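Novice: Provided below for reference: sequence and predicted model.
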Amino acid sequence: MAYVLVDKPRPHVSLITLNRPERMNAMSFDTVVPLFEALRAVAADNDTWVTVLTGAGRGFCAGLDLEDHGAPPGIDGLPMSRIAIRAMEFMSDLVPTMRAMPQPLIAAINGPAHGGGMCLPLGADVRLASESATFRAAGINNGLTGTELGVSYLLPRLIGASRAFEMILSGREIGAVEAERAGLVSRVYPNEELLPAALDLAEQMCGYSPHGIAMTKKVLWSNLESGSLTNAIDLENRNQLLVRLTTQNLEEAIRARKQKRKPKYQD
């Protein structure tokens, strides 16, 4: 059985599905290894302009599989001390891998997203949720820390330090409505409408310049770490000029508007 599925339900849109529904798509290394492979393969696919990530069945991802999480690849001959850090680093590299994809990544959170499963969509560019989605930083509930996969960096930037600290330290579960109100997700949909809505949004993005979309994503992430407004604007200026001077996209947009048609960007 393939634990991660990849298909193209619409032109230029790749759908990655965590496919371990009997375990609520919990993160074992048998799941994470093919997820890495899928993310990297889609990232390298020039015909994919936007990507959607979701889970099969009732859950998005229940976090680490506490019953059978397996072992990371490439550990033959290593002592337990090195295996432990190798395992943590392997799991944690998922979020930077998602960030490094040139395509926008939409997380369609279709059910419980707990522990690492709550952290995973923080690496996406857009988060949409179903009404049955729930979120919990579950590490604290299991006697560990509530910080993993970059959540201590990303969550305060998404929803503010006060909300993020309370959510992580309390270990409480929050529902989709509260998640939308806090800014953790952009929109909430009835369960059966979530994936079509995510695909519709992906299709809308595909109507723009793939190069312009990719460069926009790059600057948004870079300026999340920028030290000042001046630095952020300098990067924006250079990014805008790069696309303006190396493509005919603006001219095509003007022509299309005059001719009352959709633009066809060649980048």
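Specialist: Arrived safely. Residues are numbered from 1 along each chain as shown.

Novice: which elements pack onto the worst-scoring helix or strand of the chain on mean pLDDT?
Specialist: Here the helix or strand of the chain ranked lowest by mean pLDDT, DSSP states H and E is helix 80-92, holding a mean of 86. If you count contacts as 3 or more CB pairs under 8 Å, 6 or more residues apart in numbering; DSSP states H and E, helix 80-92 packs onto helix 29-43. C-beta coordinates here come from the backbone N, C-alpha and C atoms, glycine included.

Novice: which helix or strand lies directly C-terminal to the least confident helix or strand of the chain?
Specialist: Of the helices and strands lying after helix 80-92 in sequence (DSSP states H and E), the nearest is helix 94-100.

Novice: residues in contact with that next one?
Specialist: 32, 35-36, 39-40, 43, 53, 105, 119-120, 122-124, 149-150, 154, 221 (CB atoms under 8 Å, 6 or more residues apart in numbering).

Novice: for ChimeraX, what selects the buried ones among those?
Specialist: Buried residues within the contacts of helix 94-100, by 16 or more other CB atoms under 10 Å, are selected in ChimeraX with:
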select :32,35,36,39,43,53,105,119,120,122,123,124,149,150,154
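
Novice: which strand residues bridge the closest residue in space to N25 that isn't next to it in sequence?
Specialist: What sits nearest to N25 in space, not counting adjacent residues and going by CB to CB, 6 or more residues apart in numbering, is L18, at 3.9 Å. With DSSP bridges as the criterion, L18 is bridged to V4, G55.

Novice: start the count at 58, not 1, going forward
Specialist: All right, first residue 58 from here; so that's L75.

Novice: list the residues that contact L75.
Specialist: Neighbour list for L75: Y60, V61, N82, T88, L92, L110, T111, G112, A113, F117, C118 [criterion: CB under 8 Å, 6+ apart].

Novice: I'd like to know how far it sits from A59.
Specialist: To A59, L75 is 11 Å away according to CB to CB, to the nearest Å.

Novice: cool, and L179?
Specialist: To A59, L179 is 25 Å away according to CB to CB.

Novice: buried ones in the least confident helix or strand of the chain, by neighbour count?
Specialist: Buried positions in helix 137-149, judged by neighbour count with 16+ other CB under 10 Å: R143, A144, F147, M148.

Novice: whatever helix or strand I73 lives in to helix 86-100, inter-axis angle?
Specialist: Assigned by DSSP H and E, I73 belongs to strand 70-75. Going by axes from the mean of the first three to the mean of the last three CA atoms, to 10 degrees, strand 70-75 is angled at 170 degrees with respect to helix 86-100.

Novice: please, where are all the strands along the stretch 208-324 of the chain?
Specialist: For the stretch 208-324 of the chain, applying DSSP state E, counting those that start in this stretch gives strands covering 231-232, 244-246.

Novice: can you tell me what sits against the last one?
Specialist: The set of residues external to strand 244-246 that reach it, using CB under 8 Å, 6+ apart, is L185, A186, S187, E188, A190, A233, V234, A236, E237, A254.

Novice: in this structure the third one contacts A255, no?
Specialist: No - the criterion here is CB atoms under 8 Å, and S187 misses it with A255 at 10.0 Å.

Novice: what's the burial count for F222?
Specialist: 14 (other CB atoms under 10 Å).

Novice: surely it and P213 touch.
Specialist: Yes - counting by CB under 8 Å, P213 is a contact partner of F222 at 7.4 Å.

Novice: and the protein, what are its domains?
Specialist: The chain is divided into the following domains under automatic domain parsing: 61-263, 267-316.

Novice: that older thread, neighbour count and distance to I290 added to the contacts of strand 244-246, as JSON lines?
Specialist: Putting those into JSON lines (neighbours: other CB atoms under 10 Å; distance: CB to CB, whole Å) gives the following:
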{"residue": "L185", "neighbour count": "27", "distance to I290": "30"}
{"residue": "A186", "neighbour count": "29", "distance to I290": "32"}
{"residue": "S187", "neighbour count": "23", "distance to I290": "37"}
{"residue": "E188", "neighbour count": "16", "distance to I290": "39"}
{"residue": "A190", "neighbour count": "30", "distance to I290": "36"}
{"residue": "A233", "neighbour count": "23", "distance to I290": "35"}
{"residue": "V234", "neighbour count": "13", "distance to I290": "36"}
{"residue": "A236", "neighbour count": "23", "distance to I290": "31"}
{"residue": "E237", "neighbour count": "17", "distance to I290": "30"}
{"residue": "A254", "neighbour count": "17", "distance to I290": "33"}
